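1. okay, structure incoming, though there's no sequence with it:
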């Protein structure tokens, strides 16, 4: 008998990895219920499904996987006590989030030019995504500092205090959601911290919504000297505050890590762990070739970056979709629309790994292309 696997409908590639070896059932992540798991051997979820004793007690489930880097929605202690296997996908969406951050910077005023000219970006959190951000910044020769009180100081490059980070031109948040003392990340940025951010600075949160106190952020945005803000995550989801959405410069529906490349990598990581638990041998499908990009002769490195980033992804497109879906809609419908944006998210490919054909005159930017993880190809 094939093992039975219940899979969040927003996890791609499960059939390609497991279809020949397992019986797969799909379900909306927020609606997964215990009754559905009474006939399941494994559960694959994303961040919208809370997995604990209330969901799994008394079911035959013996493996849980989450296609996310974070796992604050999983009661791992309870799973371990029950002998239920667990896997998450650390780093699978890291490059997708990195490219989201770069696009958010590129689409907001002259922040990109300022960073390339020596301004600093401050990073909170040095996990898989924070590390990926740092690597990309190093390749791009952009100055940075990092605050991560959850790690030993020696493990963090350019280690800085939170106040130091909040003084940077761009502030990017990447911690896990931690509620425990002595270093909770829950409401890490409240009224006093947000007051340190001024006009001429950019705040980007693509981690967890409650890392920023959303009420305090709304109050800060209503002041004349407020910073520019890009939010991919909200407090709470999917019932975000439409007034806050209207006030941010760019807002998206928790999709920073939603590239097809990252999703398939996460699915593959879960499938491999599930196979080991159940004694299966699964194939490793590859994402289809996204096709080459083209770099015309740009006027500056910032122009070149904008050209390349926009060919793969524009944050403004997702911002428009979210505003159209939420603003003016009744609260319940707005929440449903938020989830529908995630469910029907258009295919998005990563810039890293892409071949970039260089126009005559663009050869000088081959190093920049490589710094983005792409492959330059000069005109013959």
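-> Perfect, thanks for sending it. Source: prediction; values computed, not measured.
2. helix, strand, or coil at residue 26?
-> Classification of residue 26 using DSSP: H, G, I helix; E, B strand; the rest coil returns strand.
3. for it, name its beta-bridge partners.
-> Using DSSP bridges, the bridge partners assigned to residue 26 are residue 7.
4. burial check on it, number of neighbours?
-> Other residues near residue 26 come to 14 when the count uses other Cβ atoms under 10 Å. Glycine gets a C-beta too; all of them are placed from N, C-alpha and C.
5. residue 196: what's it in contact with?
-> When contacts are counted by Cβ atoms under 8 Å, 6 or more residues apart in numbering, residue 196 is found next to 163, 166-167.
6. and if we set it to 6 Å?
-> The neighbours of residue 196, taking Cβ atoms under 6 Å, 6 or more residues apart in numbering as the test, are residue 166.
7. from residue 318, how far off is it?
-> Shown here: residue 196 relative to residue 318, a distance of 28 Å by Cβ to Cβ, to the nearest Å.
8. centre of the chain versus stretch 196-208, how much separation?
-> Offset of stretch 196-208 from its chain centre (Cα atoms, centre = their mean, to the nearest Å): 16 Å.
9. now do stretch 232-242
-> Here the centre of mass of C-alpha atoms in stretch 232-242, compared against the chain's by Cα atoms, centre = their mean, lies 15 Å away.
10. quick check: buried residues in it?
-> Of the residues in stretch 232-242, those with enough neighbours to count as buried (16 or more other Cβ atoms under 10 Å) are 232-235, 237-238, 240-241.
11. before we move on, what about stretch 8-16?
-> Neighbour-count burial for stretch 8-16 flags 8-14, 16 (criterion: 16+ other Cβ under 10 Å).
12. and the residues you listed, which is closest to residue 192?
-> Set against residue 192, the nearest of the buried residues of stretch 8-16 by Cβ to Cβ is residue 10 (36.7 Å).
13. mind listing what that closest one touches?
-> Contacts here follow Cβ under 6 Å, 6+ apart; on that basis residue 10 touches 46, 343.
14. that one: what secondary structure?
-> On the basis of three-state DSSP, residue 10 is classed as coil.
15. ok, and the closest non-adjacent residue to residue 119?
-> Counting by Cβ to Cβ, 6 or more residues apart in numbering, residue 119 lies nearest to residue 169, which is 4.0 Å off, once chain neighbours are set aside.
16. so what's the residue count around the one you found?
-> If you count neighbours by other Cβ under 10 Å, residue 169 ends up with 17.
17. and what of the one 4 residues further on?
-> Summarising burial for residue 173: neighbours were counted as other Cβ under 10 Å, giving 26.
18. that one bridge partners, please.
-> Under DSSP bridges, the beta-bridge partners of residue 173 are residue 124, residue 205.
19. do a quick rundown of the helices in the stretch 101-250 of the chain.
-> Assigned by DSSP state H, counting those that start in this stretch, the helices in the stretch 101-250 of the chain fall at 111-116, 128-139, 162-166, 191-195, 214-221, 242-247.
20. adding distance to residue 334 and mean pLDDT, write those helices out as CSV.
-> Compiled in CSV, these are given as follows (distance: least, Cβ to Cβ, whole Å; pLDDT from 0 to 100):
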stretch, distance to residue 334, mean pLDDT
helix 111-116, 30, 98
helix 128-139, 28, 97
helix 162-166, 31, 98
helix 191-195, 25, 98
helix 214-221, 15, 98
helix 242-247, 7, 98
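21. do you know how far the residue nearest to residue 119 is from residue 75?
-> Between residue 169 and residue 75 the distance is 39 Å, computed by Cβ to Cβ.
22. repeat for residue 264
-> In this structure, residue 264 and residue 75 are 27 Å apart, going by Cβ to Cβ.
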